[in-house]
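Novice: no FASTA, just this:
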């Protein structure tokens, strides 16, 4: 970093923040594991590159993991965790090995047993005032600590309600919620009422947004479909639905979700980029942005690797927000390229950032990568005279606080 970037990083580190996206699990889930360091690594993106899965535990032993780490020293899915360990535990090395494992693991365990990790590190050290929490593994449960968290409603399971046997990529079904609430669903009308029910419950319990990660299950092109066509899959016997019938059902549910978002004044967060057959470029959502111009939409992950698309789209859609979340972990180089383009096209408005992690260490490492991306890009813009230092500082405040506040809060609460 140049001197401007270093100064900006220090400022951003201390600045109030809204973290737009996390999946944080209860810290006790890690504390109770006999090998706490291994459990943290398993619930991180490191397992993705080591096992080729998408968010599932790698199931590797400590020795197997250490052996595989030697083959990926430059992976950003590895480096962000090392960055967190250095920041949180004064870890002095640049890699994990047999010699330093036990010492680091013991330090982590002592911290988990002594401290409220979320409040100490995320609220305290990183000055995060609010975390938008996506607990995708419990359909329709919004019970969170409101002092720091604000829940979202993950809609992915409702795209699979054409059958009680179908599941989304996280193994979830809308009927888990229906059965828990004692709601009977026999007709398509009752199914839509089920969606209305969970939306109303979410509104009563203060959800901040709707979240769609459906890109892990299918592409992001959603056509307008009549209700008559949509309900065909619903009335099929399980397993007899054709791909076209399932697509019609899901296209209808997507538009129904946006209509409800419009009606309820809820913003929508959408996963773009990595996903099913890479049919998940942000530009596929162009027709949706044209149609639902009063719905605030946040595109996640910079649409990696199509990071140039979100900035271009933001020029034409003032209701479109761009979220760096996860992009600095996917590729620090792409995140810097994306942010530079986004700053030039939006001026700094409508850009946000989040951590997208399951544990505190992952969140800390991810936020640090986000802040370093911001500091490097803005510092270079100051160094070349494109921006003044005051302008760079103000843009940092916009990304960390003003823009997400504008996105999530209704006008009367701002």
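Specialist: Okay, I see it. Remember, it's a predicted structure, so these values are computed and weren't measured experimentally.

Novice: For the rest of this, base every contact and every neighbour count on C-alpha atoms.
Specialist: OK.

Novice: So in terms of bridging, what pairs with residue 212?
Specialist: Residue 212 has these beta-bridge partners by DSSP bridges: residue 270.

Novice: Confirm for me that it is in contact with residue 158.
Specialist: No: using CA atoms under 8 Å, residue 212 is not in contact with residue 158; the gap is 10.3 Å.

Novice: which of those two has more neighbours?
Specialist: Each of residue 212 and residue 158 has its neighbours counted (other CA atoms under 10 Å); residue 158 has more, 23 against 20.

Novice: ok, and the closest non-adjacent residue to the more buried one?
Specialist: residue 174 (5.4 Å; CA to CA, 6 or more residues apart in numbering).

Novice: confidence score at the one you found?
Specialist: Looking at residue 174, its pLDDT reads 98.

Novice: tally of neighbours for it?
Specialist: 26.

Novice: what do you get for residue 200?
Specialist: For residue 200, using other CA under 10 Å, the count is 14.

Novice: same question, residue 97
Specialist: For residue 97, the count of nearby residues is 16 (other CA under 10 Å).

Novice: before we move on, what about residue 301?
Specialist: The number of residues packed near residue 301 is 30, by other CA under 10 Å.

Novice: what stretches of the stretch 51-200 of the chain score poorly on pLDDT?
Specialist: 52-58 (pLDDT under 70).

Novice: Quick check: the gap between the residue nearest to residue 158 and residue 381.
Specialist: As judged by CA to CA, to the nearest Å, residue 174 and residue 381 stand 47 Å apart.

Novice: How about residue 138?
Specialist: According to CA to CA, residue 138 and residue 381 sit 43 Å apart.

Novice: neighbour count winner among these two?
Specialist: Taking other CA under 10 Å, residue 138 and residue 381 do not tie; residue 381 has more neighbours (18 against 14).

Novice: Are we agreed that that one is in a helix?
Specialist: Yes: per DSSP: H, G, I helix; E, B strand; the rest coil, residue 381 lies within a helix segment.

Novice: Spatially, and excluding backbone neighbours, which residue is closest to it.
Specialist: In space, and not counting its chain neighbours, residue 381 is closest to residue 387: 5.6 Å by CA to CA, 6+ apart.

Novice: Residue 288 too?
Specialist: residue 222 (7.9 Å).

Novice: does the closest residue in space to residue 94 that isn't next to it in sequence belong to a helix or a strand, and which?
Specialist: Leaving out its chain neighbours, the residue that sits closest to residue 94 by CA to CA, 6+ apart is residue 82, at 6.5 Å. Residue 82 is part of helix 76-89, with elements assigned from DSSP states H and E.

Novice: Next one: residue 196 from residue 246, what distance?
Specialist: Counting by CA to CA, the gap from residue 196 to residue 246 is 21 Å.

Novice: nope, residue 181 is what I meant
Specialist: Using CA to CA, residue 181 is found at 26 Å from residue 246.

Novice: do the same with residue 59
Specialist: Residue 59 is 33 Å from residue 246, where distance means CA to CA.

Novice: more crowded one of the two?
Specialist: For residue 59 and residue 246, the more surrounded residue by other CA under 10 Å is residue 246, and the numbers stand at 22 against 13.

Novice: okay but the more buried one is in contact with residue 162, surely?
Specialist: Yes: between residue 246 and residue 162 there is a contact under CA under 8 Å: 7.5 Å.

Novice: what touches both of these two?
Specialist: Shared contacts of residue 246 and residue 162, defined by CA atoms under 8 Å, 6 or more residues apart in numbering, comprise residue 233.

Novice: Let me know the pLDDT of residue 411.
Specialist: 51.

Novice: I meant to write residue 47 there.
Specialist: pLDDT at residue 47 comes out at 88.

Novice: pretty sure it is touching residue 41, no?
Specialist: Yes: between residue 47 and residue 41 there is a contact at 7.1 Å, judged by CA under 8 Å.

Novice: Near residue 243, how many residues? Count them for me, please.
Specialist: Number of residues near residue 243 (other CA under 10 Å) recorded here: 10.

Novice: same question, residue 132
Specialist: Residue neighbour count, defined by other CA under 10 Å, stands at 24 for residue 132.

Novice: Am I right that it falls within a strand?
Specialist: Yes: using three-state DSSP, the secondary structure at residue 132 is a strand.

Novice: Show me where the stretch 151-300 of the chain has its strands.
Specialist: 153-154, 210-212, 268-271, 297-300 (DSSP state E, counting those that start in this stretch).

Novice: Which of these sits closest to residue 109?
Specialist: When those are compared by CA to CA, strand 153-154 sits nearest residue 109, at 31.8 Å.

Novice: Surely residue 403 is in contact with residue 347?
Specialist: No: Residue 403 lies out of contact with residue 347 (CA under 8 Å); the separation is 12.0 Å.

Novice: neighbour-wise, which of those two wins?
Specialist: More crowded of residue 403 and residue 347, by other CA under 10 Å: residue 403, with 21 against 12.

Novice: Now the phi/psi pair for the more buried one, please.
Specialist: Torsion angles at residue 403 (phi, psi; degrees, to the nearest 10) stand at phi -70, psi -50.

Novice: OK, contacts around it?
Specialist: Residues near residue 403 by CA under 8 Å, 6+ apart: 349, 350, 351, 352.

Novice: Just list the residues touching the last one, thanks.
Specialist: This points to residue 352. 20, 321, 322, 323, 324, 325, 399, 400, 403, 404.

Novice: Make a markdown table from those and add pLDDT and distance to residue 34 to it.
Specialist: A markdown table is the format used below for the contacts of residue 352 (pLDDT from 0 to 100; distance: CA to CA, whole Å):
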| residue | pLDDT | distance to residue 34 |
| --- | --- | --- |
| 20 | 98 | 31 |
| 321 | 98 | 42 |
| 322 | 98 | 40 |
| 323 | 98 | 36 |
| 324 | 98 | 34 |
| 325 | 98 | 31 |
| 399 | 98 | 39 |
| 400 | 98 | 36 |
| 403 | 98 | 41 |
| 404 | 98 | 38 |
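
Novice: Please consider this matter closed, and thank you.
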